[in-house]
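A.B. asks: turn this into a model:
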Amino acid sequence: MHMGVPYAGYPEAVRHGLRAAPTARAALRRPLRPPADVAALRVLSAITTLSEDERSLVRKLCLYRESIPAGAEFAREGEPAPARLIVSGWACRQQSLPDGRRQIFGFLMAGDTIGIGIKARPLDELSTVAVTRVECVDALMLREILAVQDGRHAGLQNALAAVRRYEEACLLDHVVRLGRQSAHERTAHFLLEWRQRCRIAGLAEGERFPMPLTQEVLSDALGLSIVHLNRTLQHMKREGLIEVKRGWIALLDIVRLKFICDYQARYPVQEVME
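C.D. replies: The predicted model follows:
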């Protein structure tokens with residue numbers, strides 16, 4: 001069983017964590033008129049109140065989008081990541097071993113950024129691979145805004161800095177998941193974290209949200225075999241905790257799931273969304 005929509009001919013780079021050839025990117029730039037409330041604005045506005053000028057700046061960034069096919073690597077391991085703002089789709093940060101095994105450190109979705117810090121972090125030098133088709137935009141201007149302490153963009157500066165701190169907090173949670181939690185606890189914690197991020201980005205419908213990850217991809221993130229992950233998901237379904245259907249997942253008992261894994265919401269929202 002797949003957690004998400006099965007992709008025909010799922011790319012080798014996604015299945016095994018191998019780097020895609022640079023030519024596989026086949027990026028296509030095209031002008032688009034973005035909606036007034038793009039995911040990036042929802043994510044940043046959840047942290048702090050943005051001025052209309054700051055919101056307008058983010059909207060303008062989304063006028064020209066770059067399309068990256070599933071399986072393509074758009075940030076190479078060991079190299080500073082290009083400044084990008086993800087508009088749609090899902091990607092992952094990963095590190096691969098010579099034999100093709102990989103560890104996924106985290107996922108990126110609409111509204112997330114990469115490579116916008118003034119100084120590069122280890123997270124920014126990991127391989128970043130598109131799990132599904134990803135649309136992103138050049139975010140060099142956001143990097144420059146962070147570098148220049150301009151009071152006109154104080155809200156945007158604070159929001160971007162908070163998002164980067166949140167990424168590091170999630171990485172610490174991920175270490176605890178892999179090192180100390182059982183398969184049941186890991187899966188529950190990950191799903192609650194994913195739920196919160198989808199809700200803030202405006203991708204959820206109540207307690208139902210998209211889950212585009214195959215069990216193979218999710219097992220690489222949670223450090224479980226596919227068989228063990230499948231058994232865990234089946235047990236959670238029988239317990240009435242989750243429902244999985246056609247690339248979406250619904251959390252049926254939030255209270256029990258939080259109790260199972262001692263989940264604490266870390267997102268730096270002005271008012272925590274429950």
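
A.B. asks: can you give me the helices for this protein?
C.D. replies: Here the chain has its helices, by DSSP state H, at 12-16, 39-45, 52-61, 140-147, 154-180, 183-200, 215-222, 226-238, 254-261.

A.B. asks: helix 140-147 and the fifth one, what's the angle between them?
C.D. replies: Looking back up the chat, that one is helix 154-180. Per axes from the mean of the first three to the mean of the last three Cα atoms, to 10 degrees, the angle that helix 154-180 makes with helix 140-147 is 100 degrees.

A.B. asks: in terms of contact, does Arg177 touch Arg186 like I think?
C.D. replies: Yes - judged on Cβ atoms under 8 Å, Arg177 makes contact with Arg186 at a distance of 4.6 Å. The way it works is simple: take the backbone N, C-alpha and C, and place the C-beta from them, glycine included.

A.B. asks: joint contacts of the two?
C.D. replies: Common neighbours of Arg177 and Arg186 (criterion: Cβ atoms under 8 Å, 6 or more residues apart in numbering): Leu222.

A.B. asks: average pLDDT for stretch 113-120?
C.D. replies: Stretch 113-120 carries an average pLDDT of 82.

A.B. asks: ok, residues contacting it?
C.D. replies: For stretch 113-120, the surrounding residues in contact (Cβ under 8 Å, 6+ apart) are 75, 80-86, 108, 124, 128, 139, 142-143, 146-147, 160, 163-164.

A.B. asks: on that earlier part again, nearest to Gln95, of the helices of the chain?
C.D. replies: Gln95 lies closest, by Cβ to Cβ, to one member of the helices of the chain: helix 215-222, at 10.6 Å.

A.B. asks: can I get the closest one in CSV, CA atoms only?
C.D. replies: This file holds the C-alpha atoms of helix 215-222, laid out as CSV (Å, rounded to 0.1, in the frame of the first residue of the first chain):
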residue,chain,number,x,y,z
GLN,A,215,5.8,4.1,1.9
GLU,A,216,9.3,3.7,0.5
VAL,A,217,10.0,7.4,0.8
LEU,A,218,8.4,7.6,4.3
SER,A,219,10.4,4.6,5.5
ASP,A,220,13.6,6.3,4.5
ALA,A,221,12.6,9.3,6.6
LEU,A,222,11.6,7.3,9.6
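
A.B. asks: quick one: low-confidence parts of this protein?
C.D. replies: Low-confidence segments of the chain, defined by pLDDT under 70: 1-37, 269-274.

A.B. asks: from what I can see Ala221 touches Phe107, true?
C.D. replies: Yes - Ala221 is within contact range of Phe107, at 7.3 Å (criterion: Cβ under 8 Å).

A.B. asks: overlap in contacts, those two.
C.D. replies: With Cβ under 8 Å, 6+ apart, Ala221 and Phe107 have common neighbours Cys92, Leu213.

A.B. asks: what comes up buried for stretch 47-64?
C.D. replies: Ile47, Thr48, Leu50, Glu54, Arg55, Leu57, Val58, Arg59, Leu61, Cys62 (16 or more other Cβ atoms under 10 Å).

A.B. asks: hang on, I meant stretch 72-84
C.D. replies: Ala72, Glu73, Phe74, Ala75, Ala81, Pro82, Ala83, Arg84.

A.B. asks: so how far is Cys136 from the fifth one?
C.D. replies: Per Cβ to Cβ, to the nearest Å, Ala81 is found 11 Å from Cys136.

A.B. asks: again, but for Gln215
C.D. replies: Distance from Gln215 to Cys136, by Cβ to Cβ: 26 Å.
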